[in-house]
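> below is the sequence, then the predicted model.
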Amino acid sequence: MKILAMDLSLSCPAFAVLTVNDIGTVDVEHLSHLKTNTKKSHGYRLFQIYKHMKNILKEHDDITDLVRERGFSRFPSVTQALFKVVGISDLCAITSGFSTVNEVTPTTVKKAITGKGKATKDEVAINVSTFISTNIKFNTDDESDAVAVGVTYLKQKKALA
């Protein structure tokens, strides 16, 4: 199983390609984030995200599953922008041959990684490292969140203990 895990946003989406190795830890084959220019239109920024995701799927053409953190509603304008990004990820998935993008809730991710559903971003970043085969420096919280989403999904699918 090789997955593309995503922590989506309009300002800084993050992506991680993960596999489980023979010793039962996670190999991170790709880790990236994309800072979009807030002075550009939503359409321009969405197209940047689409191209970034499409390139990852082309580079890692043996990905079997896609998973993202499920969005939640907090502020209307932020929520609307997030769901535009979700739509772009769905479009990219379909045009790349995937029928669905799986989702996990933020609380599920926090609980799977730290043991508690109300963990902080720092706690998630620190604890997710225990599942990874090599020492990785996360450049943003979004990158550690993307890996945490992937680890949670792998645990749900029983590919990881």
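Perfect, I can see it now.
> mind checking the longest helix of this structure?
Using DSSP state H to assign secondary structure, the helix with the most residues in the chain is helix 76-95.
> give me the mean pLDDT for that helix.
Helix 76-95 shows a mean pLDDT of 88.
> just list what it packs against, helices and strands only.
helix 42-59, strand 65-69 (3 or more C-beta pairs under 8 Å, 6 or more residues apart in numbering; DSSP states H and E). (C-beta placed from N, C-alpha, C; glycine too.)
> residues touching the closest residue to residue 91 other than its chain neighbours, list them.
With C-beta to C-beta, 6 or more residues apart in numbering as the criterion, residue 91 has its nearest non-adjacent residue at 6.9 Å, and that residue is residue 50. Shown in contact with residue 50 (C-beta atoms under 8 Å, 6 or more residues apart in numbering): 88, 91, 92.
> mind putting the residues you listed in a markdown table, distance to residue 54 and neighbour count included?
Converted to a markdown table, the contacts of residue 50 look like this (distance: C-beta to C-beta, whole Å; neighbours: other C-beta atoms under 10 Å):
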| residue | distance to residue 54 | neighbour count |
| --- | --- | --- |
| 88 | 10 | 20 |
| 91 | 10 | 14 |
| 92 | 6 | 21 |
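> from memory residue 20 sits against residue 155, does it?
No - counting by C-beta atoms under 8 Å, residue 20 does not reach residue 155; the two are 10.0 Å apart.
> those two: who's more crowded?
Between residue 20 and residue 155, counting by other C-beta atoms under 10 Å, residue 20 is the more crowded of the two (20 against 16).
> tell me the phi and psi of the more buried one?
Backbone torsions for residue 20, taken as degrees, to the nearest 10, come to phi -100, psi 130.
> so in terms of bridging, what pairs with it?
Judged by DSSP bridges, the bridge partners of residue 20 are residue 26.
> so who does it touch?
By C-beta under 8 Å, 6+ apart, the neighbours of residue 20 are 1, 26, 27, 154, 159, 160.
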